[in-house]
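>>> Give the three-dimensional model of this entry:
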Amino acid sequence: MDYQVQSFSVRFEYRVYFTSAVFDLKNETLYSFLKERQVPQTVQKMLFVIDQAVAGKHPGLKDDVIAWFNKYPVVQLVKEFLIIPGGEGAKNKPSLFDQIAEAINLHGIDRHSYITAIGGGSILDLAGYVAAVSHRGINHIRIPTTVLSQNDSGIGVKNGINRFGKKNFLGTFAPPVAIFNDDVFLTTLDQRNWRAGIAEAVKVSLIKDAAFFDWIETHSISLLNRDHDAMNYLIRHCAELHLQHIAGPDPFEKGSSRPLDFGHWSAHKLEQLTNFEVLHGEAVAMGMALDTMYSSLAGYLPKTKADRILQLLVKLGFEITHPLMQVRDQDSPVLQGLQEFREHLGGRLTIMLLTDIGAGKEVNEINTDLVIRAAKELSRYNIQDPVRNE
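Residues are numbered from 1 along each chain as shown. You can find the predicted model right below:
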């Protein structure tokens, strides 16, 4: 047998900035970054893709961007902004993918240029996917505008869109060149979206950082009352924990393990079954509750610890179960999430369960009878909480 082996490595590096009012004329954070990346004798352009809801809540955003680039003409601004509807529906519409790709073609956005997405996680996922496959890779900048995208999805290396009723069936591992977490955008979030992003912070604390879980417990009321400093700390620490994980041995998920997706196998399926009426963070809270109860019933997690976790989720105002999460038999639709979770990575089914607050255990089998029991047990925790109705 005659063959040759080709081997090489590629270094990925990107920056996560924490700033306020990134397009304020006095804020030079973005300017410093773009100035450092200038390519001599090359016209670098920047095309903006903006979440429609963000544009509506920040009506002066386009004018602010234009004024900022007039003062800092470090790249050539494409003054035709793409304003597209956000939310999970953005990842279900091929026409939106085509719209961004056509704009890239029309405006001559090349590999030295930039696509900058301003919005929630779905817009970042969509724009990042188009950037990754256009010209085999265009520089992508993310400006996340929700708690969830600033502390979790927006600071990672994944992009994707939904197909065949499956979340992120099409996607890439293509890191952005930079992320700018601008806390001004959080001020216009409604209470539901403000709260939803806290779920991912609870998740990462449960599998990586017990002290962070303690902090969330202590500051839960401040977080719900929209304390600016508390939320900035939560976002920054959660982002740091995610970045540490990405810097580990399997950033592109070549194996069968996804520890950061604790609680996600049922959450992703619930989103799809409700036509994404349940927000991702809300679904993750329910998924964590189910897997927490399962961990306890399976003998991995002491009941006192499980109670503490569930009580925090309720205190934060989350529903911890849903009619579609009430697994009644082997044919319950949410159980399809287990197979889809395995298919997404291939290989063996690998699910993260809890052995303690801040510590997890990966298992390769799930007892569906125990899932049914866990779902039934959760129903007694579904306590009405006035915070939930804000």
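
>>> Output the below-cut-off pLDDT ranges for the chain.
For the chain, the stretches with pLDDT under 70 are 248-259, 344-347, 382-390.

>>> What segments of it are strands?
Under the criterion DSSP state E, the chain contains strands at 15-19, 45-51, 76-77, 82-84, 114-119, 139-144, 158-163, 166-173, 178-182, 351-356, 359-363.

>>> Could you export those as a markdown table, including mean neighbour count and distance to residue 283?
To be clear about C-beta, it is placed using only N, CA and C from the backbone, and glycine gets the same treatment. Below are the strands of the chain laid out as a markdown table (neighbours: other C-beta atoms under 10 Å; distance: least, C-beta to C-beta, whole Å):
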| stretch | mean neighbour count | distance to residue 283 |
| --- | --- | --- |
| strand 15-19 | 15 | 25 |
| strand 45-51 | 24 | 20 |
| strand 76-77 | 16 | 37 |
| strand 82-84 | 20 | 23 |
| strand 114-119 | 27 | 19 |
| strand 139-144 | 27 | 19 |
| strand 158-163 | 21 | 14 |
| strand 166-173 | 17 | 10 |
| strand 178-182 | 23 | 23 |
| strand 351-356 | 20 | 16 |
| strand 359-363 | 15 | 19 |
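
>>> so which of the ones you listed gets nearest residue 265?
The closest of these to residue 265 is strand 351-356. By C-beta to C-beta, the value is 6.3 Å.

>>> what does that closest one rub up against?
Around strand 351-356, the neighbours that count as contacts under C-beta atoms under 8 Å, 6 or more residues apart in numbering are 206-207, 210, 257-259, 261-262, 265, 291-292, 294-295, 298, 300-302, 305-306, 309, 338, 341, 360-364, 366.

>>> So residue 115 is in contact with residue 109, correct?
Yes. Residue 115 lies in contact with residue 109 (C-beta atoms under 8 Å); the separation is 6.6 Å.

>>> Residues that sit against both of the two, list them.
Common neighbours of residue 115 and residue 109 (criterion: C-beta under 8 Å, 6+ apart): 47, 138.

>>> Can you give me every residue that contacts residue 370?
Counted by C-beta under 8 Å, 6+ apart, residue 370 has contacts 294, 297, 298.

>>> Between those residues, identify the one with the most neighbours.
residue 294 (26 neighbours; other C-beta atoms under 10 Å).

>>> How about the contacts made by the nearest residue to that residue once chain neighbours are set aside?
Computed as C-beta to C-beta, 6 or more residues apart in numbering, the closest residue to residue 294 that is not its neighbour in sequence is residue 374, at 4.3 Å. Residues in contact with residue 374, defined by C-beta under 8 Å, 6+ apart, are 290, 293, 294, 297, 327.

>>> and the two most separated of those?
297 and 327 (12.8 Å).

>>> which of the contacts of strand 351-356 are buried?
For these, a burial check counting by 16 or more other C-beta atoms under 10 Å picks out 206-207, 257-259, 261-262, 265, 291-292, 294-295, 298, 300-301, 305-306, 309, 338, 341, 360, 363, 366.

>>> Tell me which residue lies nearest the centroid of this structure.
Centroid check for the chain by C-alpha atoms, centre = their mean gives residue 153 as the closest residue, at 2.3 Å.

>>> what sits against the residue nearest to it when sequence neighbours are not counted?
Excluding the flanking residues, the one nearest residue 153 by C-beta to C-beta, 6+ apart is residue 121, at 3.9 Å. Going by C-beta under 8 Å, 6+ apart, residue 121 touches 144, 146, 148, 149, 152, 153, 154, 280.
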